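**Q** next one to model:
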Amino acid sequence: MPSPAATRATELRALTQRLFRRFGVLGASATPCGRPLPLAHAHALMVLLDGSELTQRELGLALCIDKSNVARLCARMVAQGHVTQARCARDGRSRRVTLTPRGERVARDVDGASRARFSELLRAVPAGQRGSVILALRALLAALDQMEEIR
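**A** You can find the predicted model right below:
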């Protein structure tokens, strides 16, 4: 018979997997808020909207993806006219990624749709449980951060 801790870990795993699936993060062609972009592309646009100009490395860190994946993502975003890339003046190996006017429009659209989706989701959570949901997510993220620091 599994221990109570193992049972809770199994439940956490199952609930987290179901949450990701229900959000639609496994779909490659559209965001959970219904925009016709791959999820990583949409998240990159929103990160750039918040930070204006980042290096590929900084963008990869923000998205938690490795440098080969961020390089491919940036190439696709350039091809779609959403970003430009330029070599850094001080470090010729680094590439700075900047939203184009078109990319900023798409990023603002995705950001607005995402905000609307999460507002709707939060309204669906019983009012008395909303704070607990936020606290639980903060605790999960803190635990993930702590696990990364140990590695």
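**Q** helices of the chain, residue ranges please.
**A** Applying DSSP state H to the chain gives helices spanning 4-23, 39-51, 56-63, 67-79, 101-124, 130-150.
**Q** buried deepest among the ones you listed, which one?
**A** helix 39-51 (a mean of 19; mean count of other CB atoms under 10 Å). The way it works is simple: take the backbone N, C-alpha and C, and place the C-beta from them, glycine included.
**Q** chain center to that helix, what's the gap?
**A** On the basis of CA atoms, centre = their mean, to the nearest Å, helix 39-51 sits 7 Å off its chain's mean C-alpha point.
**Q** where does the residue nearest the centre of the chain land on pLDDT?
**A** Nearest residue to the geometric centre of the chain (CA atoms, centre = their mean): residue 43, 4.6 Å. Looking at residue 43, its pLDDT reads 93.
**Q** state the distance from the closest residue to residue 122 other than its chain neighbours to residue 124.
**A** Of all residues not flanking residue 122 in the chain, residue 130 sits nearest, at 6.0 Å (CB to CB, 6 or more residues apart in numbering). Distance, residue 130 to residue 124, by CB to CB, to the nearest Å: 10 Å.
**Q** again, but for residue 76
**A** Taking CB to CB, one finds residue 76 at 33 Å from residue 124.
**Q** cool, and residue 19?
**A** Remark: distance between residue 19 and residue 124 (CB to CB) = 14 Å.
**Q** what do you get for residue 25?
**A** Residue 25 is 18 Å from residue 124, by CB to CB.
**Q** likewise residue 33?
**A** Distance from residue 33 to residue 124, counting by CB to CB: 15 Å.
**Q** for residue 50, same thing?
**A** Relative to residue 124, residue 50 is positioned 26 Å away (CB to CB).
**Q** cool, residue 60 as well?
**A** Counting by CB to CB, the separation of residue 60 from residue 124 is 33 Å.
**Q** what's the answer for residue 148, then?
**A** Residue 148 is 31 Å from residue 124, where distance means CB to CB.
**Q** equivalent analysis for residue 140, please.
**A** 20 Å.
**Q** restrict stretch 99-119 to CA atoms and write it as PDB.
**A** In PDB, the C-alpha atoms belonging to stretch 99-119 read as follows (Å, rounded to 0.1, in the frame of the first residue of the first chain):
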ATOM      1  CA  LEU A  99       9.300  43.300 -31.200                       C
ATOM      2  CA  THR A 100       8.300  44.800 -34.500                       C
ATOM      3  CA  PRO A 101       5.200  47.000 -34.700                       C
ATOM      4  CA  ARG A 102       3.300  44.000 -36.100                       C
ATOM      5  CA  GLY A 103       4.700  41.800 -33.300                       C
ATOM      6  CA  GLU A 104       3.700  44.400 -30.700                       C
ATOM      7  CA  ARG A 105       0.100  44.400 -32.000                       C
ATOM      8  CA  VAL A 106       0.000  40.600 -32.000                       C
ATOM      9  CA  ALA A 107       1.500  40.500 -28.500                       C
ATOM     10  CA  ARG A 108      -1.100  43.000 -27.200                       C
ATOM     11  CA  ASP A 109      -3.800  40.900 -28.700                       C
ATOM     12  CA  VAL A 110      -2.500  37.700 -27.100                       C
ATOM     13  CA  ASP A 111      -2.000  39.500 -23.800                       C
ATOM     14  CA  GLY A 112      -5.600  40.800 -23.800                       C
ATOM     15  CA  ALA A 113      -7.000  37.400 -24.700                       C
ATOM     16  CA  SER A 114      -5.000  35.800 -22.000                       C
ATOM     17  CA  ARG A 115      -6.100  38.300 -19.400                       C
ATOM     18  CA  ALA A 116      -9.700  37.800 -20.400                       C
ATOM     19  CA  ARG A 117      -9.300  34.000 -20.200                       C
ATOM     20  CA  PHE A 118      -7.800  34.100 -16.700                       C
ATOM     21  CA  SER A 119     -10.300  36.700 -15.500                       C
END
